[in-house]
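A.B. asks: output the structure for:
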Amino acid sequence: MKKGLIALVVLGILAFILVGYYIRTNNTMVEMKGEATKQWANVESSYQRRNDLIGNLVKTVQGAADFERGTLTDVIEARSKASSVNLDLDNLTPEKIAAFEQAQAGLSSALSRLLVTVERYPELKANQNFVQLQTQLEGTENRINVERNRFNEIAGDYNIYIDKIPANIVAGIAGFDAMTLFESVEGAEQPVDVEFNFD
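C.D. replies: Purely as a prediction, here's the structure:
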């Protein structure tokens, strides 16, 4: 009888420890995922700010009557395409991030062409509103990079935590999945070949 009681007490203590571990580990995962979700919102906010600034930049450039319409149309179309690709943190896959990055890269490319074209229009370069928007856009590009890096850091820590033994058991039971991180676009590791042709 005494041995049975001791075994029951030991099993009770062991069960209490296991349940406590499960709860603590689950709560840690919830907190880490919450931090990653919050940081993801910062990434989206930075992209939204960029989108808003580009809209204002386009309106300012449209005011220049003789400005090349083709370049401006490219930016408007790329902005529309980039805005149409939405990412949901719960369904983030490498394919969806690649599509999002491709749309953002298209927008960046069109915007770069616009800014190069603007160099030929002194009246636009002298427009104070345009200069301020261009400066804000540069700052926003930096902010996007910082927020993406922070997201990768937080989501990476979360991914490591849920992969470790025995936390991975709790993650499997509770349905915590690894988060997809931002990666460089294909070919970004190659040096850029710049040619200056002054013919």
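
A.B. asks: next secondary structure after the helix-or-strand element of the chain with minimal mean pLDDT?
C.D. replies: Every helix and strand of the chain was ranked by mean pLDDT, DSSP states H and E. The lowest is helix 122-125, at a mean of 74. Downstream of helix 122-125, the first helix or strand assigned by DSSP states H and E is helix 128-163.

A.B. asks: so which elements touch the following helix or strand past that next one?
C.D. replies: Proceeding N to C from helix 128-163, the next assigned helix or strand is helix 167-174, under DSSP H and E. Where contact means 3 or more Cβ pairs under 8 Å, 6 or more residues apart in numbering; DSSP states H and E, helix 167-174 is packed against helix 2-62, helix 128-163. Where C-beta positions appear, they are placed from N, C-alpha and C, glycine not excepted.

A.B. asks: stretch 9-17 - what's its average pLDDT?
C.D. replies: Stretch 9-17 shows a mean pLDDT of 94.

A.B. asks: any stretches of the chain with poor pLDDT?
C.D. replies: Counting by pLDDT under 70, the chain contains low-confidence residues at 1, 64-68, 185-199.

A.B. asks: tell me the buried residues in the least confident helix or strand of the chain?
C.D. replies: Across helix 122-125, burial judged by 16 or more other Cβ atoms under 10 Å covers Leu124.

A.B. asks: can you show me the CA trace of that helix as PDB?
C.D. replies: Extracted C-alpha coordinates of helix 122-125, given in PDB (Å, rounded to 0.1, in the frame of the first residue of the first chain):
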ATOM      1  CA  PRO A 122      15.800  70.800 -63.700                       C
ATOM      2  CA  GLU A 123      12.300  72.200 -62.800                       C
ATOM      3  CA  LEU A 124      11.500  68.900 -61.100                       C
ATOM      4  CA  LYS A 125      14.800  68.700 -59.300                       C
END
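
A.B. asks: save the helices and strands packed on helix 167-174 as JSON lines, and put in distance to Val118 and mean neighbour count too.
C.D. replies: Shown next, in JSON lines, are those (distance: least, Cβ to Cβ, whole Å; neighbours: other Cβ atoms under 10 Å):
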{"stretch": "helix 2-62", "distance to Val118": "7", "mean neighbour count": "14"}
{"stretch": "helix 128-163", "distance to Val118": "7", "mean neighbour count": "16"}
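
A.B. asks: what about Arg79, how many neighbours?
C.D. replies: Neighbour count of Arg79, defined by other Cβ atoms under 10 Å: 21.

A.B. asks: OK, contacts around it?
C.D. replies: 51, 54-55, 58, 107, 110 (Cβ atoms under 8 Å, 6 or more residues apart in numbering).

A.B. asks: go on, Tyr21?
C.D. replies: 166, 170.

A.B. asks: same question, the one 3 residues further on
C.D. replies: Contact criterion Cβ under 8 Å, 6+ apart gives no residues in contact with Arg24.
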